[in-house]
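1. Take a look and give me a structure for this.
(chains A and B)
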Number of protein chains: 2
Amino acid sequence: MADDKDKIFKPRPVSGFLEWLPEVRLVEQRWLKSIQDAFESYGFSSIETPSVEEIEVLVAKGGDADKEIYALRRLAAEPGEDEGGRLALHYDLTVPMARYVAQHFGDLVFPFKRYQMQRCWRGERPQEGRLREFYQCDIDVVDMGEVSLHFDAEIPAMALDVLSRLPIGPVRLHINNRKILQGFYQGLRIADVVGAIRIADKLDKIGVDGVIDGMVGELDIPPVVARKCVELAGIKTDDASFAEKVRAFGIDNELLEAGLEELSFVMMELAHLPRGTVVADMSIARGFDYYTGTVYEGKLVDYPDFPTVCAGGRYDNLVGAYSRQKLPGVGISIGFSRIFSKLVKEGQVQIGPMCPTEVMVACLPGSSRADVAVCARTLRERGFKVEMYHEEKSLKAQMKYASRKGIPYVWFPANAEQIAHEVKNMTTGEQAPAELESWKPAAV
Amino acid sequence: MADDKDKIFKPRPVSGFLEWLPEVRLVEQRWLKSIQDAFESYGFSSIETPSVEEIEVLVAKGGDADKEIYALRRLAAEPGEDEGGRLALHYDLTVPMARYVAQHFGDLVFPFKRYQMQRCWRGERPQEGRLREFYQCDIDVVDMGEVSLHFDAEIPAMALDVLSRLPIGPVRLHINNRKILQGFYQGLRIADVVGAIRIADKLDKIGVDGVIDGMVGELDIPPVVARKCVELAGIKTDDASFAEKVRAFGIDNELLEAGLEELSFVMMELAHLPRGTVVADMSIARGFDYYTGTVYEGKLVDYPDFPTVCAGGRYDNLVGAYSRQKLPGVGISIGFSRIFSKLVKEGQVQIGPMCPTEVMVACLPGSSRADVAVCARTLRERGFKVEMYHEEKSLKAQMKYASRKGIPYVWFPANAEQIAHEVKNMTTGEQAPAELESWKPAAV
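-> I've put the predicted structure just below:
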């Protein structure tokens, strides 16, 4: 076959792995920078962990995440060589952060506040159409012994601030406290609390009848009790009034009371945010078993079908698998690539130029290359982003290049035929003389 | 054993994978930002490719890089499942860029100028002590049919500009042209030109006698001819005068002459740089066979034993493995992690604070938490990076926290006992009243 002879390997996209054209990448960079700036405005420190962890670290936390782990193997591994066999790509940033804190414990200052913006990998089966490589943007506070409950309010306030800087419309944050669910279920004398919470967590997907059938059928819970669980999940208030509604069930349980007090505190600390931004929502459970208190889920108000854009909560002992220190924490993870890729695909992201260039210095026939280069260097030293057009092509070709790339200004250096420098504004089409040392772009 | 019972997995560093404490990460971020800003000041577009490529893409280029490839496998792969088996982590950014250009050919504007700053992975055997995960910072220009020779000068000028923004002392760029070597060797009637260049490339390591012995012993080259190759490698000039020294050998070869003309052109285009920054150096060959013209190697002047900090060159047909288009290019890759990690380890990198925080708002007994939170929000809205101290701890503990983290200012909100806000400058120890709306940090 002709193709084989020439050894052309025609590249194709790999399912689940994103790659953007330069004009989309520019927007992605801007979004990531906004998030980073917001994180830093709260004084959080950046950390970056290796892309890999030892498999033992990744699976130490338990759960079923290890089904999705991408392990590494050296392509040229020699027979019997273990190398590569014990490493795998991380599937979130929470486990690497916990491992980092345990490993560098003595070198960190507590409360340790960190942000982390990195790619994660999940070996999803390709037919599921999910992302297999994606950015997460995480914030967590970890402290020794105790973490102040103020952080349970600051973390979601920060996440809302971060997301408000992106052009994605309003975000509503649903907050609950696992102690409320656990205490309520315990108070109802449900034996398998964890199992029952898992079923209730599917309310959105399987509906009221589905939850009741599940609890009754799978866990042998009396229908009247199951119905109370569903009623609890229906409580949603945008202030601390949820507490009296829960107390109206008349369930006497210490854990429940502790959860109600914690969540009331958090709702009151967040009372300065615009009404409706934060909702105390008794249906939120979060799947991960390591959450032990406050839990969060953020949703886009303008896109009701859109999956959760950020989620997190408080954990009392996440680092416990790697350290004897008690290191509780609270954090939120923003699913950056999930949000960005979905909005790009739906045409909801405004795409601009293909390059950061502000000025392209053209090269006209009759210009000295050295003079043209001096123009470019001078403008660059003045802080502008400048490219030179190097190919020996017609003025028309040069203008077409600048126009296709969305470069806003083209500079025509003075030469034998043109005494002054001139600048063309590519938006208005205007062309006017300009001085190298004082030219400024038009105010936008 | 007690350890097993408690299931503590004590984390340890994984050889070849870097991870920094927050204070070092802050410096790394600053360095990466400097590089990005420099790249963008030349109008180059960012691209980011997935961390993985299909193995066929990675090995299509040939060479022995595939020995170091980390392939992926799904940890939970089902028997007979191919999934994961055809993907591997990229080992450089050149191959992904070539694949990207071939794949998105119709959507790009040429000349396509891109920068790319990503991690790469090489499955080095751990005992070699090399980095197995590292950042590369690459710039390349790719065009259709021809790339202007002006780019052969702009690319190294850009690399030198980028590196001059980092506190690593002066960099010297050694430039050669593969056509000079090939033409010279052909003119000497050496049969295995590629083999002979490979041996000459080891001059630094094996010395003059080593090279001559190698050429004579392995390739049956007459000693007098081998000696000429060594003499050629000795030619180094900081202007275009190398050409007459090479021509003095009296070797008549078209390719040689073309190489001399190209390199003279590049040296003249770079004549505006400080003398000694760029050296035409006939000993530079670059191992990769895909370079066909200009080649570069950058060295730190202050660290003569330090390996190459940047390298690159011109290739006529890198994209050829993935496309029928002729897409030549020229580029340079900066070995970021190699430079940064070595300088950090040698204590040559100045380390500052642990966090980006500019102001910590303290919480004194008697303050209302709500008032304290308003202080923090107001300062943050004014553009400062602000953290609140949330734990209920003594003033002493709060000051110790700020001091250990290197936070420059501590804000004491007005409260019942203290009528005005006060700010403590942690460097000078001075404490003075301040206004929330007008306070500014002292000029540095």
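2. Please enumerate the helices of chain A.
-> Ranges of helices within chain A are A:2-6, A:22-41, A:55-60, A:94-103, A:150-164, A:178-187, A:193-200, A:203-219, A:223-233, A:242-247, A:254-269, A:336-345, A:369-381, A:395-405, based on DSSP state H.
3. what sits against the closest residue to residue A:251 other than its chain neighbours?
-> In this structure, residue A:251 finds its nearest non-sequential neighbour in residue A:187, 3.7 Å apart by Cβ to Cβ, 6 or more residues apart in numbering or on different chains. Just so you know, the C-beta spots here come from the backbone N, C-alpha and C atoms, and that holds for glycine as well. Applying Cβ atoms under 8 Å, 6 or more residues apart in numbering or on different chains to residue A:187 gives the contacts A:251, A:252, A:253, A:256.
4. Before we move on, what's the pLDDT of residue A:131?
-> With respect to pLDDT, residue A:131 scores 93.
5. For it, what are phi and psi?
-> phi -70, psi 130 (degrees, to the nearest 10).
6. That one - how many residues pack around it?
-> 20 (other Cβ atoms under 10 Å in any protein chain shown).
7. One more: residue A:423?
-> Using other Cβ under 10 Å, residue A:423 has 19 other residues around it.
8. Need the helices of chain A in TSV (columns: distance to residue B:279 and mean pLDDT).
-> Formatted as TSV, the helices of chain A follow (distance: least, Cβ to Cβ, whole Å; pLDDT from 0 to 100):
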stretch	distance to residue B:279	mean pLDDT
helix A:2-6	40	43
helix A:22-41	34	98
helix A:55-60	47	84
helix A:94-103	43	94
helix A:150-164	48	96
helix A:178-187	66	96
helix A:193-200	68	92
helix A:203-219	67	94
helix A:223-233	73	96
helix A:242-247	73	98
helix A:254-269	63	97
helix A:336-345	44	94
helix A:369-381	21	93
helix A:395-405	33	96
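9. Just put those helices in CSV and tack on distance to residue A:429.
-> As requested, the helices of chain A are exported to CSV (distance: least, Cβ to Cβ, whole Å):
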stretch, distance to residue A:429
helix A:2-6, 46
helix A:22-41, 22
helix A:55-60, 58
helix A:94-103, 52
helix A:150-164, 37
helix A:178-187, 62
helix A:193-200, 63
helix A:203-219, 53
helix A:223-233, 60
helix A:242-247, 60
helix A:254-269, 54
helix A:336-345, 30
helix A:369-381, 21
helix A:395-405, 11
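10. wait, which of these is closest to residue B:165?
-> Proximity to residue B:165, assessed across these by Cβ to Cβ, is greatest for helix A:369-381 (12.4 Å).
11. quick check, stretch A:134-141 touching chain B?
-> No - on the criterion Cβ under 8 Å from any Cβ of the partner chain, stretch A:134-141 is out of touch with chain B, staying 8.5 Å away.
12. how distant is that stretch from the center of its chain?
-> Centroid separation between stretch A:134-141 and its chain, computed with Cα atoms, centre = their mean, to the nearest Å, is 6 Å.
13. Quick one, grab the pLDDT at the closest residue to residue A:382 other than its chain neighbours.
-> Once flanking residues are discounted, residue A:382 sits nearest to residue A:437: 7.7 Å by Cβ to Cβ, 6+ apart. pLDDT, residue A:437: 95.
14. from what I can see residue A:437 touches residue A:378, true?
-> Yes - judged on Cβ atoms under 8 Å, residue A:437 makes contact with residue A:378 at a distance of 7.4 Å.
15. who's more crowded, those two?
-> Between residue A:437 and residue A:378, counted using other Cβ under 10 Å, the more crowded position is residue A:378 (15 against 8).
16. Tell me who's in contact with that one.
-> A:436, A:437.
17. Could you check how many residues crowd around residue A:364?
-> By the criterion of other Cβ under 10 Å, residue A:364 has 17 neighbours.
18. ok, it to residue B:193 distance?
-> Computed as Cβ to Cβ, to the nearest Å, the residue A:364 to residue B:193 distance reads 42 Å.
19. again, but for residue A:69
-> Residue A:69 is 48 Å from residue B:193, by Cβ to Cβ.
20. So which of these two has more stuff around it?
-> Taking other Cβ under 10 Å, residue A:69 and residue B:193 do not tie; residue A:69 has more neighbours (22 against 16).
21. Give me the nearest residue to that one, chain neighbours excluded.
-> Of all residues not flanking residue A:69 in the chain, residue B:75 sits nearest, at 4.1 Å (Cβ to Cβ, 6+ apart).
22. nearest to residue A:343, of the contacts of residue A:187?
-> residue A:256 (39.3 Å).
23. Verify the contact between that closest one and residue A:178 for me.
-> No - look at residue A:256 against residue A:178 with Cβ under 8 Å: they stay out of range, at 11.0 Å.
24. For the spatially closest residue to residue A:165 that is not a sequence neighbour, the count of nearby residues, please.
-> Closest residue to residue A:165 apart from its sequence neighbours, by Cβ to Cβ, 6+ apart: residue A:34 at 4.5 Å. When counting by other Cβ under 10 Å, one arrives at 16 neighbours for residue A:34.
25. Same question for residue A:220.
-> Close neighbours of residue A:220, defined as other Cβ under 10 Å, add up to 10.
26. Read off the pLDDT value for it.
-> 95.
27. Next one: it from chain B, what distance?
-> Per Cβ to the nearest Cβ, to the nearest Å, residue A:220 is found 32 Å from chain B.
28. tell me the phi and psi of that residue?
-> phi 60, psi 30.
29. In the stretch 301-444 of chain A, where is pLDDT below threshold?
-> The model of the stretch 301-444 of chain A has pLDDT under 70 over residues A:444.
30. 80 instead?
-> A:318-323, A:416, A:443-444 (pLDDT under 80).
31. how about the residues of it that lie near chain B?
-> Close to chain B, as judged by Cβ under 8 Å from any Cβ, the stretch 301-444 of chain A has residues A:321-324, A:354-358, A:360, A:369, A:373, A:377, A:380, A:384-388, A:390-392, A:401, A:404-405, A:407.
32. Need the buried ones from those residues selected in PyMOL.
-> In PyMOL, a selection of the buried entries from those looks like this (16 or more other Cβ atoms under 10 Å in any protein chain shown):
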select buried, chain A and resi 321+322+323+354+355+356+357+358+360+373+377+380+384+385+386+387+388+390+391+401+405+407
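33. Inside strands: which ones of the residues of the stretch 301-444 of chain A next to chain B?
-> A:360, A:386, A:387, A:388 (DSSP state E).
34. Contact partners for the first one?
-> Right, the one you point to is residue A:360. Applying Cβ under 8 Å, 6+ apart to residue A:360 gives the contacts A:386, A:387, A:388, A:389, A:398, A:401, A:402, A:407, A:409, A:410, A:411, B:43.
35. And for residue A:339?
-> With contact set as Cβ under 8 Å, 6+ apart, residue A:339 has these partners: A:166, A:168, A:300, A:309.
36. now swap in residue A:76 and tell me
-> B:66, B:67, B:68, B:69, B:123.
37. With residue A:402 instead?
-> A:360, A:362, A:389, A:410, A:426.
38. wait, the residue nearest to residue A:165 sits on residue A:164?
-> No - assessed by Cβ under 8 Å, residue A:34 is found out of contact with residue A:164, at 9.8 Å.
39. if we can go back for a sec, can you tell me how far the residue nearest to residue A:251 is from residue A:246?
-> Between residue A:187 and residue A:246 the computed distance is 10 Å (Cβ to Cβ).
40. can you list residues touching both of those two?
-> residue A:256.
41. burial count for residue A:250?
-> Residue A:250: 6 neighbours (other Cβ under 10 Å).
42. Same check on residue A:55?
-> Residue A:55 has 17 nearby residues by other Cβ under 10 Å.
43. Equivalent analysis for the one 3 residues further on, please.
-> A count of nearby residues for residue A:58, using other Cβ under 10 Å, gives 23.
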